[in-house]
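A.B. asks: Any chance you could fold what I've pasted below:
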Amino acid sequence: MNKFIEISIYTFIFHILCYVLWLVLIVPAEGPTNIEELGSLVYLPHAGRVLPVIFFGWQAIPAVLVAEFLEWEFLWSGGDFYRGTIATTISTLAVLSTWFIFFLLGLDLNQSDVLKNTNWKHVFLFIFVASLLNGLGNGAWYASIFDETDALISVRFMVGDVVGATIMLVMLVLFYPMFKNFQK
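C.D. replies: Below you'll find the model as predicted:
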């Protein structure tokens, strides 16, 4: 199978899984918080954006975009297309920008001798930078929509992205041996 198609399928399925887990487990647990305005404090789909890009590179980006548009238009009830599309684009551009910054600095996690995608500190650094860019971008976007500047929006986006991606990363580390043994 073509490597790009294989990466796209894995990325798409992983992103949808992260989104559904977030929708079923986290959204009800967060209570009456207006997630559309403030962002989730445990946003698992950020792992669906970041981890495939860390492990597969830029080839995962198209599948991330397709998955996010489908999720926000068909799985999420409510919200308008324009607001969701811009926020999704900002989030994906934050991950792409982070990858590009790392690449320009010679820190491509797949190819570099400096940073490795098998070193969890380096993976977390990538997650943190992508979350920071996403928090700043979406915080600015939501501030312009609601005509209210509130740093809490950026902080919630950033914290939610870091916590969500970290939880999914820990789950992958815990479940990987089980899947590895299952394939034998």
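A.B. asks: next structured bit after the least confident helix or strand in the chain by mean pLDDT?
C.D. replies: Within the chain, no helix or strand scores below helix 35-38, which has a mean of 60 by mean pLDDT, DSSP states H and E. Remark: after helix 35-38, the chain's next helix or strand is helix 45-56, criterion DSSP states H and E.
A.B. asks: Measure how far that next one is from the centre of its chain, please.
C.D. replies: Distance, stretch centre to chain centre, for helix 45-56: 6 Å (C-alpha atoms, centre = their mean, to the nearest Å).
A.B. asks: could you say what helices and strands it packs with?
C.D. replies: helix 3-21, helix 61-70, helix 81-104, helix 120-146, helix 151-183 (3 or more C-beta pairs under 8 Å, 6 or more residues apart in numbering; DSSP states H and E). C-beta coordinates here come from the backbone N, C-alpha and C atoms, glycine included.
A.B. asks: Out of those, the one nearest residue 45 is which?
C.D. replies: With C-beta to C-beta as the criterion, residue 45 lies closest to helix 3-21 of those, at 4.6 Å.
A.B. asks: what is the rounded mean pLDDT of the closest one?
C.D. replies: In this model, helix 3-21 has a mean pLDDT of 91.
A.B. asks: Check which helices and strands it is in contact with.
C.D. replies: helix 45-56, helix 61-70.
A.B. asks: Packed most tightly, which of the ones you listed would that be?
C.D. replies: Each of these was scored by mean neighbour count; the highest is helix 45-56, a mean of 26, by mean count of other C-beta atoms under 10 Å.
A.B. asks: residue contacts, the one residue sitting closest to the centre of the chain?
C.D. replies: In the chain, the C-alpha nearest the mean C-alpha coordinate belongs to residue 46, at 2.0 Å (C-alpha atoms, centre = their mean). Residue 46 makes contact with 18, 91, 127, 130, 131, 134, 160, 161, 162, 164, 165 under the criterion C-beta atoms under 8 Å, 6 or more residues apart in numbering.
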